[in-house]
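[1] pasting the sequence and the predicted coordinates here, then a few questions.
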Amino acid sequence: MYAVINQALQALRTSLAEAAGFDPARSRRHFRLSIPHPMGPFYALDLRRAVAAIAPGVVAAFDTVSRPVNLEEALRDGVVDVAIDWLPVELDPFVNKKIFEDRMVLVARKNHPRVGLDVTIEGLRKEEFIGLHRRREPSHAPQALKELHSQYFHEVVQVSELLEIPTVVASTDLLGLMPSSMGPFMEARLGLHVLAIPLELPALPIYLIWHETRRNDAAHSWLREVVAAELGRIAKG
Amino acid sequence: MFDLRNLDLNLLTVFEAVYEAGSINDAADRLDLSPSAIKQARSRLRASFGDQLFVRSGKALSPTPTAKATYPVIKQALEAFRTSLGEAVGFDGSTSRRHFRLCIPHPMGAFYALDLQNAVTAVAPGIVLTFDTVSRPVNLEGSLRDGFVDVAIDWLPVGLDPFVNRKLFEDRMVIVARKNHPRISSAATIESLGKERFIGLHRRRGIDHVPLALQKLDLHFHEAVRVSELLEIPMVVASTDLLGLMPLSMGPLIEERLGLQVLAIPLELPALPIYMIWHESRRSDAAHAWLREVVAKEVGRIPGGKAQ
């Protein structure tokens, strides 16, 4: 019943917003954003600040879980307004807009006895990794992750949250694979070595994702512009 | 009456796995079989039951009404077989190939997982452990009841009757702040903390169902933003003037790796017991009893050793 009522309310909001025009300075709209990317809490803080500066009555709530459950349904039912994710939603009524290009990197603790700048793929096959439980079947993963998974690195344990990887890597001889956008933080705060993976890998595009039904929602369109501008700015450094 | 002689009883374990996993691949993973073996077993099940049993719904397999009605009976019968055969044969860790699933929502979960993995590999190399370390698990009680999760290590005890909560150790909530925070030091008072902004975690349950220590904290502090995973809190605290609340067992790691201040909360707060939780129906499962002992020994040892 909730999904039906929610959909009806969304339709009302959309048509009223279109009729009245969207004024960020006066709006009290509530947005929900899902950011499975490990920089999620930092993006959330930046977005919150950007929204508060021009739309003080707009409320933004963030779900930053690494492996969201039923994200597609939540986007379709309007429970989540937009997602910032590396897994595009391939179904037809979803829009995936690329906001920046990430890249997978290797992380190791600073004084790792075997792994440094001269690491080779053969050397990596002898090491132990901490991995993340897969979110989808391998055939649905982005190309960069597919190619990494096909290397069959030895994962001694798989965890559920991305930030567990650098946390464990900092205290053990295990290695991890993380997106390069986390690199400066992992180097500066956790003292990790962030190394290029010795493979020819494609980039990992990060998408802003929403359901096509939101196209004419003026407030939603404003939110999309804010997200694209902020994250584009962060990605440029 | 259904003639059991016409049914390969191994098919029932496939039925159970597909029902609980909701996908051929996950069921295959769980039973250590190939997806094609599961598909073949599914056709034989269809023939035996005269029903589709599972229909495709998007990427998942949904049970038909017949499968839904049959599942509890089959599940109970299989549990009875496992328990009685386990008791009769005895459990031998060194030769067992049992697969256990542990859910550890505690933020030290990944470290407990590594220690448990090492401890189990040393004495029971054929046993497979899978860890779910998500901070806010979905339907953990249902997963424990249905046997999809064997034990949980959590600060939220399950209050319902057929669950067992065994205390492993006592944790305590502390405040974390970055080292050169302009206003916060060990001399912080509850009034000064009340003026600060915190990064918080989305709640897992209604306020009535959280431990007393966390209920009391909810009244005092202003959260600027809420996130979904516990480890996001110290990461953000390290780079901003926001404060966070974390369990003390994470303290040494947070201090050492992220250079954070770990401060006692200037409030009279009860401790935060960390429990091992399982469903009462596992009481007589010898392998499960063995796992519980390993967990109690390993996780009970950690806070007194390196984590506190």
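    Okay, I see it. Residues are numbered from 1 along each chain as shown, chains lettered A, B, ... in the order given.
[2] show me what counts as buried in the longest helix anywhere in chain B.
    When chain B is parsed with DSSP state H, its longest helix is helix B:65-89. Judged by neighbour count using 16 or more other Cβ atoms under 10 Å in any protein chain shown, the buried positions of helix B:65-89 are B:67, B:70-71, B:74-75, B:78-79, B:82-83, B:86. C-beta: built from backbone N, CA, C; applies to glycine.
[3] what helices or strands is that helix leaning on?
    On a contact count with 3 or more Cβ pairs under 8 Å, 6 or more residues apart in numbering or on different chains; DSSP states H and E, helix B:65-89 meets helix B:10-21, helix B:286-304.
[4] name the nearest residue to B:F100, ignoring sequence neighbours.
    The shortest distance from B:F100 to any non-neighbouring residue, by Cβ to Cβ, 6 or more residues apart in numbering or on different chains, is to B:D150 (4.7 Å).
[5] mean confidence score for stretch A:199-212?
    The average pLDDT within stretch A:199-212 is 94.
[6] does that stretch come close to chain B?
    No. Stretch A:199-212 is not in contact with chain B by Cβ under 8 Å from any Cβ of the partner chain; minimum separation 15.5 Å.
[7] how far out from the middle of the chain is that stretch?
    9 Å (Cα atoms, centre = their mean, to the nearest Å).
[8] any idea which of the helices and strands packed on helix B:65-89 scores lowest on pLDDT?
    Averaging pLDDT over each of the helices and strands packed on helix B:65-89 puts helix B:286-304 lowest, since it has a mean of 85.
[9] for it, the distance to its chain's centre please.
    For helix B:286-304, the distance to the chain centre is 14 Å (Cα atoms, centre = their mean).
[10] stretch B:194-205 now?
    The mean C-alpha position of stretch B:194-205 is separated from the chain mean by 23 Å, Cα atoms, centre = their mean.
[11] likewise for stretch A:81-100?
    10 Å.
[12] what's the end-to-end length of that stretch?
    End-to-end distance for stretch A:81-100: 19 Å, by Cα to Cα, to the nearest Å.
[13] what residues of that stretch count as buried?
    Quick answer for stretch A:81-100 (16+ other Cβ under 10 Å): A:81-89, A:94-96, A:99-100.
[14] looking at those residues, which are in strands?
    A:82-85, A:94-96, A:99-100 (DSSP state E).
[15] give me the nearest residue to B:V14, chain neighbours excluded.
    Here the residue nearest B:V14, using Cβ to Cβ, 6+ apart, is B:A41, at 4.1 Å.
[16] that neighbour falls within a strand, correct?
    No. According to DSSP: H, G, I helix; E, B strand; the rest coil, B:A41 belongs to no strand; its state is helix.
[17] returning to what we had before: list the contacts of the longest helix of chain B.
    B:12-13, B:15-16, B:19, B:49, B:51, B:53-54, B:63, B:146-147, B:281, B:284-287 (Cβ atoms under 8 Å, 6 or more residues apart in numbering or on different chains).
[18] tell me the first helix or strand C-terminal of it.
    strand B:99-103 (DSSP states H and E).
[19] list the residues that contact B:R136.
    A:65, B:105, B:201-202, B:204, B:228-229.
[20] repeat that with 7 Å
    With contacts defined as Cβ atoms under 7 Å, 6 or more residues apart in numbering or on different chains, B:R136 is in contact with B:105, B:202, B:204, B:228.
[21] for these, pick the one with the most neighbours.
    Per-residue neighbour counts (other Cβ atoms under 10 Å in any protein chain shown) across those peak at B:S228, which has 23 neighbours.
[22] that residue and B:H202 touch, don't they?
    Yes. Using Cβ atoms under 7 Å, B:S228 makes contact with B:H202 at a distance of 5.6 Å.
[23] got phi/psi on the closest residue to A:V82 other than its chain neighbours?
    Distances taken as Cβ to Cβ, 6+ apart place A:W210 nearest to A:V82, at 4.8 Å, with adjacent residues excluded. Backbone torsions for A:W210, taken as degrees, to the nearest 10, come to phi -150, psi 170.
[24] against A:V119, how distant is A:W210?
    With distances taken as Cβ to Cβ, to the nearest Å, A:W210 is found 39 Å from A:V119.
[25] and what of A:R49?
    Taken as Cβ to Cβ, the span from A:R49 to A:V119 is 38 Å.
[26] higher neighbour count, those two?
    A:V119 (20 against 12).
[27] in the chain, where is pLDDT below threshold?
    Going with chain A. A:1, A:7, A:10-20, A:137-138, A:237 (pLDDT under 70).
[28] switch to chain B, please.
    Looking along chain B with the criterion set at pLDDT under 70, you get B:1-3, B:83-84, B:86-88, B:205-210, B:219, B:302-308.
[29] what segments of it are helices?
    B:10-21, B:24-31, B:35-49, B:65-89, B:109-123, B:140-145, B:190-194, B:212-218, B:232-239, B:251-258, B:286-304.
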